[in-house]
Every structure is written in structure tokens, then in C-alpha cells.
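**Q** Okay, sequence plus prediction incoming.
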Amino acid sequence: MKRRDFLVSSIVGAAAVGAAAGKAAAAPGATKSAPAAPPNGKILLAGGRYGTKWIGYMAELTGKPRPKILYIAPASFDNPAGVVNFFEACAPLNVEASFQPSAIATTRTNRTWEEILLTVDGIVVSGGNTLNQQAIWQAHGVDVILRKAWEQGIVLGGASAGSLAWFEEGSTDSRAKVLSNVKCLGFIKGSHSPHYDAEKNRQPFYTNAIATGALSPGYACYNDAGIYFEGDKPKRFLSNRDGAKVFYVSAKDGKAIETEIPTERL
């Protein structure tokens, strides 16, 4: 077994043990005993900056010659600049890009959320306010439909709130003044911290939360670094620039342990 493969398999094993030992907090819209992760489920996430290379890899993961890639942005309240950035990132790619606003009204929308989300090949979720994102999804039943999409093999992904969304929990700046914890969809066991290098309080807050047991062990990603999951298991650790890192953060004897995971270049 190659050193990198041994390291990844060891970390994955530690993650499973840590998740089993940690508290089992239910995500919004989820049952206390969530069904097993689908073996064909695909999630591609990054700590920050989900640009052309990430979307291009998502397109590749769909297995389609010209996949339909949808952008949804509840966390950013459909920020127009984010929508423009998404279409610009898709422009060099052979994809059919689309955007669905978060606000649906009977008089101007002739498709349900299920019809919208389950008829594409990949879904990119924006950054922004994770707490609001989860509340909006739960109110509309989008959390349940996204699980159906995952189970059907539709590739899910995003950065920032769009990466945090898929985990059981993580650290967020969604509340005023200080970072805090947030419960998410729970597709991937454990916790997550995006922007691990880009915002100075992210790293100390996350390591302290794990050391004290406030958060379960999990993955921290720099901007331009991320992870590809099949089911709820990490398969590839990726980066889009030199120095972009991924860590698995666990705890022992009341102290956080950061284990850097080697990444492959996108």
C-alpha cells in the first residue's frame, strides 16, 4: 500500500471511530437514525472559491458529455454577483448551466423543487449564511429532495456554506459577532470548517470546539482545497493552488490534533 493511500485509509478509519464515539445530533429535517449513505452518492466540496476547475471536475463526475449544472444560492440570498460568477466559471466548460432563485411563487414558477433539483446532473451550492440556508431548505423540503438527488447520483457540491451544508455540523459565521456551531444536512458524518486559512479565527475556534467536544472530529479546508466524497467516505483530497491544504482534526486528552492530508492538484 502506498504511503498516501495508507494515510488516507487511516484517517478515514479514525473519522469513523470519532463519529461513533461523538454525540449523534440530528440534522434539520433528518431522522435520528439516518439511512446509510448511497454508494453512488457524490459530493465535491472546497473550503472556498468554487471556480471553473471545481465545476469542471463536477461535470466530469457526472459521466455526461454535456451535463446540466444547476446553481442555487439560498445562503447568499441569490446575490447577483455570485450568479454572474457562476456563469462566468461555466463559460469555458461544455456544460448546460442554469440558476434557480430561492424564492418560488405559485404565479411565476411552474415546477416544484423536486422537478427542478432531480432533473439536473450536478448542483453547485453558494457560500453565504449557512444557518439561513438550512432554515430555507427545511421550510421548503429542499433538504429531503437534496438527499434524493444524492441517492440518485446527482453530484452535489460547493464552497463555504456550500461545503459545510453536507456535514452533520461545523463552524459558521452565520450569527452576529462571533463564530458558532451549526447543524447541517448530515450526509457526511462529522464536522467541517471552510476558510481554514482565509479567516484568522476559523482555525482556533474549530480546534477548540473539537478539543472540548463541542464539535465532533472532522475536516478543515483552506480556500482552493477540498474533498471528493463517494457515499460519505473521502476518495480524493484536492487543491487548486500551491499551499492549499486539507486537515483532519480530532481530539485526544482534551487537545486538538491536526493531521494534514496530502492533496492532488486539480
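**A** Right, received. Where do you want to start?
**Q** which residue packs closest to residue 114, ignoring adjacent ones?
**A** Spatially, and ignoring its direct neighbours in sequence, residue 114 is nearest to residue 145 (5.2 Å; C-beta to C-beta, 6 or more residues apart in numbering). C-betas here are computed from N, CA, C, even on glycine.
**Q** Let me know how buried that neighbour is, in neighbour terms.
**A** If you count neighbours by other C-beta atoms under 10 Å, residue 145 ends up with 18.
**Q** you'd agree it is in a strand?
**A** No. Residue 145 is assigned helix when assessed by DSSP: H, G, I helix; E, B strand; the rest coil, not a strand.
**Q** Can you name the residues that contact the residue nearest to residue 66 when sequence neighbours are not counted?
**A** Taking C-beta to C-beta, 6+ apart, and ignoring the residues beside it in sequence, residue 66 has residue 94 as its nearest neighbour in space, at 5.3 Å. The contact partners of residue 94, by C-beta atoms under 8 Å, 6 or more residues apart in numbering, come to 59, 65, 66.
**Q** With residue 86 instead?
**A** Taking C-beta under 8 Å, 6+ apart, one finds 55, 71, 97, 99, 124, 126 in contact with residue 86.
**Q** helix/strand/coil for the residue nearest to residue 66?
**A** Strictly by three-state DSSP, residue 94 counts as coil.
**Q** Roughly how far does it sit from residue 59?
**A** Distance check for residue 94 against residue 59: by C-beta to C-beta, to the nearest Å, it reads 7 Å.
**Q** swap in residue 138?
**A** Distance, residue 138 to residue 59, using C-beta to C-beta: 29 Å.
**Q** Which one's more surrounded, the two?
**A** Legend: neighbour count by other C-beta under 10 Å for residue 138 and residue 59, higher for residue 59 (24 against 16).
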